[in-house]
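> Pasted the sequence and its predicted model underneath.
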Amino acid sequence: MTAGLSFAKINRQDLYRHFTEGRTMGLKIGIQQKLALIFFMFFLIFSGTVAILLFNVQRMVETTETIVTTNNKIDELTDTLKASLLDMEENHKKLNILKKERYSEYFEQAKKTFEDALQQAVQLSLTTGSNKAWHDFEFSYSRHRAGLWDKGAPPEIGAKWVTELVVSKWIADISNTKRLNKQEIEKAMRGLNERSRISVRNGFYGFCISILVGFVGIWVITRSFFSPLKTLAQALKRISMDKLNQPINLKGGEEFYELAASYNDMSRQLNEEENIRNEFIATLSHEIRTPLSSIRESVNMIVEEVFGPVNDQQRKFLGLANDQIQRINTLLNYLLNVAVLESSGRKKKSVRLNTRQLILRCTKTFASLAAKKKVRLDTEDTAGCPDLFGVPEELQQVFVNIIGNAIKYSPENGTVKVSCTKDIKRKYLLFQVSDTGPGIADDELSLVFTKYYRTKTARGHVDGVGLGLAICRKIITSYGGRIQVANNADRGCTFSFSLPTRS
C-alpha cells in the first residue's frame, strides 16, 4: 500500500514537473519574436504619429485654403463694393449738377461693378458665418434699386437716387460684413495656430515615445544579444585556458538556451576527456618512473664498476644512456606537474618570498647555460620591489621555465632581459622577460600556452613536449594573475606576467 502511494506521489510530481517545464518552455520568447515585437511597436508608434500629423496638416491646409480663397476674397470684395457705391453716389450728384451724359455711363459702370462684386460676395459667404449679413444687405439693395430706376437702364437726369442715409446704411452694412469676415479670419488663424501647436506637441510626444521605445529596444537587444555573446566569449576563453568544468546559462531567447546547452555538453565532454587524459598521463608517469629508476640505478652501478671494470667506450655509451634517462625523467616530472596542477583538491601553502632573491636564484640557475651560448642575461634592479606571496616551488618554476625558454631560443651574443614593475592599484607585480630570438609567428601567439603545443620552428630540433608555458599559465592564473606574449618591434618576443604582492 505504501509503495503504491509512493508511486502515485512520484507520478504526480513528474506530471507537475513536466507540466511546469512545458508551460515555461511555452512562455519562452525567441530572438526573432523579440525583434518582431520591437519592430511592430516602433512601427505602430511611428505610423500613429505620422497619421495624426497628416490629419492635422490636412485640416491646416483646408483652413488655409478657406482663408486664401474665401475670406481674403470677400475682404477684397468689400473694398470694391464700398468704392463702387461711393462712385455711384458721386456720379449721380455730378449728373444732376452738370447734366452730362457721360456721368450716367460712369454711374452704370460703377453699378455693374457693384452688383458683380455683391453677387460674388454672397456666393462666397455661403460657407462662412457672415452669410446672413450678406443676404440682408443684398435684399436691402434690391428693394431700393427696384423702386428707383429701371433694371439695366441708367438713371435719367434729375431722377431720384437713394438718400444719403441709405448710402450711409449700406456703407455701414458693408463695413459690418467686412468686420465679420475679419473675425472669421482671426478665428481661423487662431484655430490654425492651435492646431499647429497640437501637431508640434503630438510630434514631440511621438518622438519622445519613439526614442523611449528605441532605448528599450537597444536594451533588449543588448540583453538578448551582446550580454549572452559576451558570456559565451568568456566561456570560450576559459576553454582556451583549460577551464572546462564551468557551465554557463545564457539568457536572451530560446536560441541562446539551446546554444548554452550545446556548450555545456561540449564543455562537460571535454572536461571528462581531459580528466581521463590526465589520469592516464599520471598513471603512465608513475608506471614508467619505477622501471626507469631501476634502469638508472643499474647504469650507475655499471659506471661505478660494481660488476667489474668498464672501458672508455663503454663508459661513453653509459654516459649517453644516463643523459637520456635524465631527459626522460625531466619529461615525466613535467607530466606529473601538470597532473598535480590539474588536481582540484590541491591546496596552496603560500608564504612571503623576497622578489629580488627569487629572481637572482633563478638567473643563477642559467648562468652556465647563458655563458655557454654567449647570451647576456640582464636583470634590472629589483631591490625596491615588494615581496611576493605564493608557493616557492611554483613561482620558481614559472621563472625557470620562462627564462630558460628565452635563453634557449636566443642566438649567440643575444640578450635576455628580466624586468619588474609595480602595480600599486592592483597590488600586483608585473614581470617581463624579453629575448632577441626569432620571435613567434602571429598565428601561433595564442597557441603557445596550450598544453603539448610546440611552435613550428621548435619542432624537430628543440627538446620539450610543450608543457612549460602551459604549466606557467596554470600557476599564474591560479594566483589571479595573467600571462601574455607579444613580439618585439625589432626582434624576439616578450613574455609578461603578473604575480600578487599580498596573500
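That came in fine, so what should we check first?
> Can you name the next helix or strand after the helix of greatest length in the chain?
If you go by DSSP state H, the chain has its longest helix at helix 164-221. Next along the chain after helix 164-221, taking DSSP states H and E as the criterion, comes helix 227-240.
> May I have that next one exported as PDB, CA atoms only?
Below are the C-alpha coordinates for helix 227-240, written out as PDB (Å, rounded to 0.1, in the frame of the first residue of the first chain):
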ATOM      1  CA  SER A 227      25.300  40.000 -23.000                       C
ATOM      2  CA  PRO A 228      24.900  36.300 -23.900                       C
ATOM      3  CA  LEU A 229      27.600  36.600 -26.500                       C
ATOM      4  CA  LYS A 230      29.900  38.200 -24.000                       C
ATOM      5  CA  THR A 231      29.200  35.400 -21.600                       C
ATOM      6  CA  LEU A 232      29.800  32.900 -24.400                       C
ATOM      7  CA  ALA A 233      33.100  34.600 -25.400                       C
ATOM      8  CA  GLN A 234      34.300  34.500 -21.800                       C
ATOM      9  CA  ALA A 235      33.300  30.800 -21.600                       C
ATOM     10  CA  LEU A 236      35.200  30.100 -24.800                       C
ATOM     11  CA  LYS A 237      38.200  32.000 -23.400                       C
ATOM     12  CA  ARG A 238      38.000  29.800 -20.300                       C
ATOM     13  CA  ILE A 239      38.100  26.700 -22.500                       C
ATOM     14  CA  SER A 240      41.300  28.100 -24.100                       C
END
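> Give me the helices and strands touching the next helix or strand after that helix, please.
Reading on from helix 227-240 to the C-terminus, the next helix or strand found by DSSP H and E is helix 254-303. Judged by 3 or more Cβ pairs under 8 Å, 6 or more residues apart in numbering; DSSP states H and E, helix 254-303 is in contact with helix 31-66, helix 227-240, helix 312-342. Bear in mind the C-beta positions are built from the backbone N, C-alpha and C, glycine included.
> The stretch 401-503 of the chain: strands as residue ranges?
415-423, 428-434, 483-487, 493-500 (DSSP state E, counting those that start in this stretch).
> Of all these, which one comes closest to Glu274?
The closest approach between Glu274 and any of the strands of the stretch 401-503 of the chain, judged by Cβ to Cβ, belongs to strand 483-487 at 20.2 Å.
> other SSEs contacting the longest helix of the chain?
helix 31-66, helix 72-98, helix 131-146.
> The last one: how far from the chain's middle?
Spelled out, it's helix 131-146. 75 Å (Cα atoms, centre = their mean, to the nearest Å).
> What residues of it count as buried?
Within helix 131-146, the residues that qualify as buried are 133-134, 137-138, 141, 144, counting by 16 or more other Cβ atoms under 10 Å.
> now swap in the longest one and tell me
Residues of helix 31-66 classed as buried under the neighbour-count rule (16+ other Cβ under 10 Å) are 31, 34-35, 38, 42, 45, 49, 52-53, 56, 60, 63, 66.
> wait, which of the residues you listed is closest to Thr455?
Set against Thr455, the nearest of those by Cβ to Cβ is Ile31 (40.9 Å).
> Now do the same for the closest one: its pLDDT.
pLDDT recorded at Ile31 is 66.
> rewinding a little: and the helices and strands packed on helix 164-221: which comes nearest Trp170?
When those are compared by Cβ to Cβ, helix 72-98 sits nearest Trp170, at 5.9 Å.
> orientation of the closest one relative to helix 31-66 in degrees?
If you take axes from the mean of the first three to the mean of the last three Cα atoms, to 10 degrees, helix 72-98 sits at 0 degrees to helix 31-66.
> Contacts for the helix or strand following helix 72-98, please.
Sequence-wise, the next helix or strand downstream of helix 72-98 (DSSP H and E) is helix 101-124. Helix 101-124 has contacts (Cβ atoms under 8 Å, 6 or more residues apart in numbering) with 70, 73-74, 77-78, 80-81, 84-85, 87-88, 91-92, 94-95, 134-135, 137-138, 141, 154-157, 177.
> Burial check on Thr177, number of neighbours?
25 (other Cβ atoms under 10 Å).
> The one 10 residues further on too?
The criterion is other Cβ under 10 Å. On that basis, Lys187 has 13 neighbouring residues.
> Asn202 too?
16.
> repeat for Glu305
Per other Cβ under 10 Å, the neighbour tally for Glu305 reads 10.
> before we move on, what SS does it have?
In three-state terms, and counting by DSSP: H, G, I helix; E, B strand; the rest coil, Glu305 is coil.
> before we move on, could you check phi and psi at it?
In this entry, Glu305 is assigned phi and psi values of phi 60, psi 40 (degrees, to the nearest 10).
> Which pLDDT value goes with the closest residue to Asn300 other than its chain neighbours?
Nearest residue to Asn300 in three dimensions, chain neighbours excluded: Asn322, at 7.3 Å (Cβ to Cβ, 6 or more residues apart in numbering). The score at Asn322 is 82. That number is its pLDDT.
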